[in-house]
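Participant: Test case, fold it:
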Amino acid sequence: MNLTQANPPNFTTAAAKTATTSEPELTRDEVLALRKEYVAPATFMYYKEPINLVRGHKQYLYDETGKQYLDAIGGIVTVSVGHCHPEVIAKTKAQIDKLQHATTIYLHPAMPLLAKKLAEKMPHPDLKVSFFTNSGSETNDLAMTMARLFTGNLDILTVRNGYHGASLATMSAVGHSTWRFPIPTTGNLHHIAPGYCYRCPFNLKYPDCNVQCARDAENVIRYSTSGKIAAVLAEPIQGVGGTVTPPPEYYKILYDIVKKYGGIYISDEVQTGFGRTGAHYWGISNWGVTPDAITMAKGLGNGVPISALTTRREIAEVMSRKIWFNTFGGNPVSMTQGLATLEVMDKEGTQANSQKVGNYLKEKLTGLMDKHRLIGEVRGLGLMLGVELVKDRNTKEPASTEAADVLERTKNRGLLIGKGGLFGNVLRIKPPMCINRSDADFIVDTLDKVLNEIETGKA
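Facilitator: Numbering: from 1, shown residues only. Next up is the predicted model:
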């Protein structure tokens, strides 16, 4: 099925400024002034001249002037089936008209129906019980609590360079100094070596390294814990960390170590879930591992606040020892949009599209390495791709300034991408899963032109 319109809507300047209510839309400068005055300064913005987005359709966004942008970062890997997908929005609007809010102390069909749908998508039939929360931070926080209660152990392993959220507990799990404040964090969290072959922490080469990065987790357990652990919490492909994609054996080795020392395996699929990596619905399945729990958010709701944790019943039951409650976790509107999003994924074949278009895009991006010295590595799976920029391929010195320049220049050409990695030098390309080959060509052609400008010193 064709996932995109051949001719996306042309929102002209006049149309873009026509609000759906009687209130006129604010101009970019008015919005910027309000934001600077009343919004916390920690809420950062991309671009020297931020864009004011007022419309969205599938993979495209439009500013107040009607200029079209291809959204190649998907609202930070959140828009899965496309902005304002008509089928999703129609079901959400219908639910709002009937009932906007009811907590989980009452019955409403949307929550158990979404839980059933998630169970049907799990890599093992025993993974069938779901908790619902509002964000990746919340669901990862819950997962760590649950693991400690289930195993009776306190220590949790997370991976260096990984990102799991912004609450105190999840910030403690983050292995990335950019996202950690200098305050006391929660204890019993230990960061293990990532499967980052391009910047191997042991200065070894794969496969002669014997995947030492994964095997070293056993040393961390032996020397930094009581000898028993509650869990490992890990992203199949690190998102914020720069699309770090481990060697094939990494997670299977880690899984066996975790089990040996009494822990459960929690796969953080906030960015890798729902077929984004192409070959599998869940990112961890690319590595031949069946986790004990999966955490998810972002793409599950295609833009509404929703997250979930799905696990085995005996693990979930430990939360019944006390009262567990989440005011908005079962909200009928967010549950309805989550269910509608998953149904559209099935109907439109977004997983297959992620693999087909993603493979094509990765091949084209890799081809740019022959032309552009700034590209050190292209990595990722499906439509979760990263391009690491370096000043020198031998020294691998991060090209952080150049990466920031790339974002500015691509924006000016109608392409929105992201950046990540510890040094901010990795271009993040994670668009809505409805993009087509023409969009992929546009991404590559735009990057080709922009990199050429930067490398030749053009203003």
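Participant: need the helices for this protein, in chain order.
Facilitator: Along the chain, counting by DSSP state H, helices occupy 13-16, 28-38, 74-77, 86-98, 110-121, 136-151, 168-173, 212-224, 250-260, 313-316, 332-348, 350-367, 400-412, 437-455.
Participant: Save the ones you listed as TSV, and put in distance to Leu61 and mean neighbour count too.
Facilitator: Every C-beta, even on glycine, is put in place using the N, C-alpha and C of the backbone. Below are those laid out as TSV (distance: least, Cβ to Cβ, whole Å; neighbours: other Cβ atoms under 10 Å):
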stretch	distance to Leu61	mean neighbour count
helix 13-16	11	12
helix 28-38	14	12
helix 74-77	9	22
helix 86-98	16	15
helix 110-121	27	18
helix 136-151	22	23
helix 168-173	29	22
helix 212-224	38	17
helix 250-260	34	20
helix 313-316	38	15
helix 332-348	18	22
helix 350-367	19	20
helix 400-412	11	18
helix 437-455	13	18
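Participant: And the nearest residue to Val450 once chain neighbours are set aside, how close does it get to Met345?
Facilitator: Counting by Cβ to Cβ, 6 or more residues apart in numbering, Arg409 is the residue found nearest to Val450 once chain neighbours are left out, at 4.3 Å. The gap separating Arg409 from Met345 is 33 Å, by Cβ to Cβ, to the nearest Å.
Participant: Gly358 now?
Facilitator: 15 Å.
Participant: for Asp292, same thing?
Facilitator: Distance, Asp292 to Met345, using Cβ to Cβ: 24 Å.
Participant: do the same with Gly457
Facilitator: Gly457 is 44 Å from Met345, by Cβ to Cβ.
Participant: Equivalent analysis for Leu381, please.
Facilitator: Distance, Leu381 to Met345, by Cβ to Cβ: 17 Å.
Participant: per-domain residue ranges of this protein.
Facilitator: With domains defined by automatic domain parsing, the chain comprises 13-77+350-455, 89-348.
Participant: shaky segments in the stretch 1-150 of the chain?
Facilitator: For the stretch 1-150 of the chain, residues meeting the criterion pLDDT under 70 lie at 1-24.
Participant: rerun at 90
Facilitator: Scanning the stretch 1-150 of the chain for pLDDT under 90 picks out 1-25, 44.
Participant: Spit out the contact partners of Leu427.
Facilitator: Contact analysis of Leu427 by Cβ atoms under 8 Å, 6 or more residues apart in numbering lists Gly386, Val387, Glu388, Leu389, Ala403, Val406, Leu407, Ile417, Gly418, Lys419, Leu447.
Participant: Can you tell me the closest non-neighbouring residue to it?
Facilitator: In space, Leu427 is closest to Val387, 4.2 Å off (Cβ to Cβ, 6+ apart).
Participant: How many neighbouring residues does that neighbour have?
Facilitator: Val387 sits with 30 neighbouring residues when counted by other Cβ atoms under 10 Å.
Participant: Pro41 now?
Facilitator: Quick note: Pro41 (other Cβ under 10 Å) scores 7 neighbours.
Participant: and it, what are its phi and psi?
Facilitator: Backbone torsions for Pro41, taken as degrees, to the nearest 10, come to phi -60, psi -20.
Participant: what is Ala293 paired to in the beta sheet?
Facilitator: For Ala293, the beta-bridge partners are Ile266, Thr311 (DSSP bridges).
Participant: Could you measure from Gly329 over to Thr310?
Facilitator: 13 Å.
Participant: ok, now Trp324?
Facilitator: 15 Å.
Participant: cool, Gly367 as well?
Facilitator: Going from Gly367 to Thr310 by Cβ to Cβ gives 39 Å.
Participant: ok, back up a step: can I get the domains of the chain in CSV including distance to His83?
Facilitator: Output for the domains of the chain, formatted as CSV (distance: least, Cβ to Cβ, whole Å):
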stretch, distance to His83
domain 13-77+350-455, 3
domain 89-348, 7
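Participant: which of those has the lowest average pLDDT?
Facilitator: Across the domains of the chain, domain 13-77+350-455 has the smallest mean pLDDT, namely a mean of 94.
Participant: how far is that domain from where the chain is centred?
Facilitator: Relative to its parent chain, domain 13-77+350-455 has a centroid offset of 15 Å by Cα atoms, centre = their mean, to the nearest Å.
Participant: before we move on, what about stretch 220-240?
Facilitator: 20 Å.
Participant: Now for the residue nearest to Asp448 when sequence neighbours are not counted, how many residues are close by?
Facilitator: Excluding the flanking residues, the one nearest Asp448 by Cβ to Cβ, 6+ apart is Leu368, at 6.0 Å. Neighbourhood size, Leu368 [other Cβ under 10 Å]: 18.
Participant: May I ask you to confirm that Leu368 is in contact with Val444?
Facilitator: Yes. Look at Leu368 against Val444 with Cβ atoms under 8 Å: they come within range, at 6.7 Å.
Participant: Now the terminal residues of stretch 342-361, how far apart.
Facilitator: For stretch 342-361, the first and last residues are 24 Å from each other (Cα to Cα, to the nearest Å).
Participant: How about stretch 160-177?
Facilitator: By Cα to Cα, the extent of stretch 160-177 from end to end equals 10 Å.
Participant: hmm, who's touching that stretch?
Facilitator: Here stretch 160-177 makes contact (Cβ under 8 Å, 6+ apart) with 135-138, 140-141, 144-145, 156, 158-159, 179-181, 185-187, 189, 191-194, 196, 201, 233-235, 238-242, 244, 268, 422.
Participant: Keep only those of the residues you listed that are in strands.
Facilitator: Members of the contacts of stretch 160-177 lying in strands (criterion: DSSP state E): Ile156, Thr158, Val159, Leu189, His191, Ile192, Leu233, Ala234, Asp268.
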